[in-house]
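Requesting a structural model of the entry that follows:
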Amino acid sequence: MRMNIRFKILSGVSLVLVILLVLGITAIFNLNTIRTKFDGLTEATQVERYAYLTIQEEKNYLLEEKEESYAKAMKNMDTIIAALDNIDKTSTDPDLLKRSKEARAATLEYRKGYEAGVAALKANKAAVKTMITEGLLVEKLAEEYYLSTKNEAALGVNITALKIMRAEKEERINKTREKYKLMLALRSELTRYYNEIDPAGKDDKVNQARKATDDYFKAAQLWIDNDDKLTKEILPKMQELGTNVVKLAFDSAGDAAKSMIATQTQSNSIIGIGL
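Just a heads-up that it's a prediction; the model follows:
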């Protein structure tokens, strides 16, 4: 009888200890799982936040072309890569790791596009300076030639150069390419005037105007090429990549939050059964 009581007591105590052990192991495991998911949630949220900030700095640079905006965007992308590094080091979630890999690739591609876009904008800024310098030079040379020779063709060069520069300004504002076509048509008029003034190509002042015209239209062509590349290739691709990074981060954060809630619910159920 005493043995039966003692056995029952020991069995009961042992059972309680086993239950406590199971609950303890479950609590430790689930808490570690929640901590891992929380870390993933934190890093994913940071990726999403800095992706938005980078896109904002991209817009700022397009509007103002300030080096400060470019530097901030580069720093933001470094932060995104660092957050993805932390996810890769700490997470064991296959879906999160897959999204991290995709976000990393998109971010690096976005950085390349950003750098290419900045380079194109800087090149266009230099091209505009060249067009202003060479256009004014043609206009000045034509005026000087007309004053010294009273050649009506020189006056035609002066007027045509002014028309080209006005069309150039309108093209840079509207970007329809209609004014650029007009510029090319007016260039043919300039060539005709040059040939009328100096058909042999021996006059130094006319040759200076010819060279300035060539340099002007080389810069104009560069501006057009860069602007086409920006508007048709670089910027649309950057928008797509930026949106993709934000979506990947948002989905990862959402999944991490759902997983944390599911783990907590599971823990509560196990503890309730144990109790």
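
Kindly check the end-to-end length of stretch 143-154 for me.
From its first residue to its last, stretch 143-154 covers 7 Å (C-alpha to C-alpha, to the nearest Å).

in it, what counts as buried?
Residues of stretch 143-154 classed as buried by neighbour count (16 or more other C-beta atoms under 10 Å): Tyr145, Tyr146, Asn151, Ala153, Ala154. In this view, the C-beta of every residue, glycine as well, is placed from N, C-alpha and C.

and if you look at stretch 206-217?
Across stretch 206-217, burial judged by 16+ other C-beta under 10 Å covers Val206, Ala209, Arg210, Ala212, Thr213, Asp215, Tyr216, Phe217.

repeat for stretch 149-168
Buried residues in stretch 149-168 (16+ other C-beta under 10 Å): 151, 153-158, 160-165, 167-168.

Stretch 232-239 now?
Under the neighbour-count criterion of 16+ other C-beta under 10 Å, stretch 232-239 has Ile234, Leu235, Lys237, Met238 buried.

need those residues in CSV with pLDDT, can you?
As requested, the buried residues of stretch 232-239 are exported to CSV (pLDDT from 0 to 100):
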residue, pLDDT
Ile234, 94
Leu235, 91
Lys237, 92
Met238, 92
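
Dump the residues you listed to a markdown table, plus distance to Val118 and secondary structure.
Output for these, formatted as a markdown table (distance: C-beta to C-beta, whole Å; DSSP: H, G, I helix; E, B strand; the rest coil):
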| residue | distance to Val118 | secondary structure |
| --- | --- | --- |
| Ile234 | 10 | helix |
| Leu235 | 12 | helix |
| Lys237 | 14 | helix |
| Met238 | 11 | helix |
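
Need those in JSON lines (columns: distance to Val246).
Shown next, in JSON lines, are the buried residues of stretch 232-239 (distance: C-beta to C-beta, whole Å):
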{"residue": "Ile234", "distance to Val246": "19"}
{"residue": "Leu235", "distance to Val246": "16"}
{"residue": "Lys237", "distance to Val246": "15"}
{"residue": "Met238", "distance to Val246": "12"}
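
Which two of those have the greatest separation?
Leu235 and Lys237 (7.3 Å; C-beta to C-beta).

picking that back up, between the buried residues of stretch 232-239, which is nearest Arg111?
Set against Arg111, the nearest of these by C-beta to C-beta is Met238 (9.7 Å).

My guess is that closest one contacts Glu58. True?
Yes: Met238 lies in contact with Glu58 (C-beta atoms under 8 Å); the separation is 6.7 Å.

Find residues that contact each of the two.
Common neighbours of Met238 and Glu58 are listed as Tyr114, Gly117 (criterion: C-beta atoms under 8 Å, 6 or more residues apart in numbering).
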